[in-house]
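A.B. asks: structure of the sequence below:
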Amino acid sequence: MEFPLLEVRDLTVRLRDQPADQRPLVDRVQLTVAPGEVVALLGESGAGKSLTARALLDLLPPGLEFDGEILWRGQVWTRDDQRRARGRQIGLVFQETLTTLDPLFTARRQLCQVLQACLGLATSEAEGRVDDLLDSVGLDPKLGARFPHQLSGGQRQRLGIALALAGAPSLLIADEPTSALDPPRRWELIQCWRQLVSESDRALLLLTHDFELVESLCDRIVALDRGRVVEVGATADLLGTPRDPSVRRLVDSYRAARERRGWDLS
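C.D. replies: Next up, the predicted model:
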């Protein structure tokens, strides 16, 4: 029997000491991601996408707690398993990389640190892999000498992807990876994701409300609304005939914007 790469059962996130009759922030989310699959966790801001992703790696902000089961290749994870998975089994690309990158270290130094921490490489071996990592996300290796503030928004996003890839994870989670970019940089990053998907068999979980990204990359959609899964389906089916009213509103808005701007996703 082949198990999903990741399976989430009844994941619930709530405020600590929250009354039992108060609706949780994330409510019994069910989610699976198969090896090599690209899944969109789709929803508006505040739908619970980021909290769901952070709960997977036990990275919730103070004051929040979660319960439910998280399985990796059919095995239930403990909290220690979740923490050990960071950067190794699961790589996380944050929404605003400028706030997560260390301003005191160059891109090369930060990549070396992740390679050493996740793969146990010696300094010289880690340094030897940096150029390949930068090249894999479309960055000139010469940019490795720059500090985060010396990189453009698109370059920082690509560096964030390289950092997430450094530990050779089987699953990559990207939190709104295009939202902070202007249209040209946004399209460049979509092309970068396309290349990663075509050249790798790793699974991707994209947290987004960017329909360009979803339609361009994703095999399947899990739609969230106010912390609950409201619809699941293949991308073409869900975008073609959404059943849930909240999903239908998002899709209708996307279609209208696409017609106005004449977007071409080919």
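
A.B. asks: report the contact partners of the most centrally placed residue in the chain.
C.D. replies: Here the mean C-alpha position of the chain is nearest to the C-alpha of A174 (Cα atoms, centre = their mean), at a distance of 1.7 Å. The contact partners of A174, by Cβ atoms under 8 Å, 6 or more residues apart in numbering, come to L92, V93, I161, A164, W193, L204, L205, L206, L207, T208. Placement of C-beta: from N, CA and C, glycine included.

A.B. asks: pull out the buried positions in stretch 242-250.
C.D. replies: Neighbour-count burial for stretch 242-250 flags P242, S246, V247, L250 (criterion: 16 or more other Cβ atoms under 10 Å).

A.B. asks: try stretch 61-71
C.D. replies: For stretch 61-71, by 16+ other Cβ under 10 Å, it's L64, F66, I70, L71.

A.B. asks: which of these fall in strands?
C.D. replies: L64, F66, I70, L71 (DSSP state E).

A.B. asks: who's in contact with the last one?
C.D. replies: Right, the one you point to is L71. L71 neighbours (Cβ under 8 Å, 6+ apart): F3, P4, L6, E7, V8, R9, W77.

A.B. asks: buried subset of those?
C.D. replies: Using 16+ other Cβ under 10 Å, the buried members of the contacts of L71 are P4, L6, E7, V8, W77.

A.B. asks: which of those residues sits closest to R146?
C.D. replies: R146 lies nearest to L6 out of those, by Cβ to Cβ, at 34.1 Å.

A.B. asks: what segments of the stretch 1-150 of the chain are helices?
C.D. replies: 49-56, 79-85, 107-119, 123-136 (DSSP state H, counting those that start in this stretch).

A.B. asks: also the stretch 151-266 of the chain?
C.D. replies: 153-165, 183-199, 211-217, 235-240, 245-261.

A.B. asks: make JSON lines out of those helices and add mean pLDDT and distance to L104.
C.D. replies: Formatted as JSON lines, the helices of the stretch 151-266 of the chain follow (pLDDT from 0 to 100; distance: least, Cβ to Cβ, whole Å):
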{"stretch": "helix 153-165", "mean pLDDT": "87", "distance to L104": "15"}
{"stretch": "helix 183-199", "mean pLDDT": "77", "distance to L104": "25"}
{"stretch": "helix 211-217", "mean pLDDT": "87", "distance to L104": "32"}
{"stretch": "helix 235-240", "mean pLDDT": "93", "distance to L104": "41"}
{"stretch": "helix 245-261", "mean pLDDT": "84", "distance to L104": "40"}
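
A.B. asks: rewinding a little: looking at the buried ones among the contacts of L71, spot the one nearest A168.
C.D. replies: Out of the buried ones among the contacts of L71, the member with the shortest distance to A168 (by Cβ to Cβ) is L6, at 16.3 Å.
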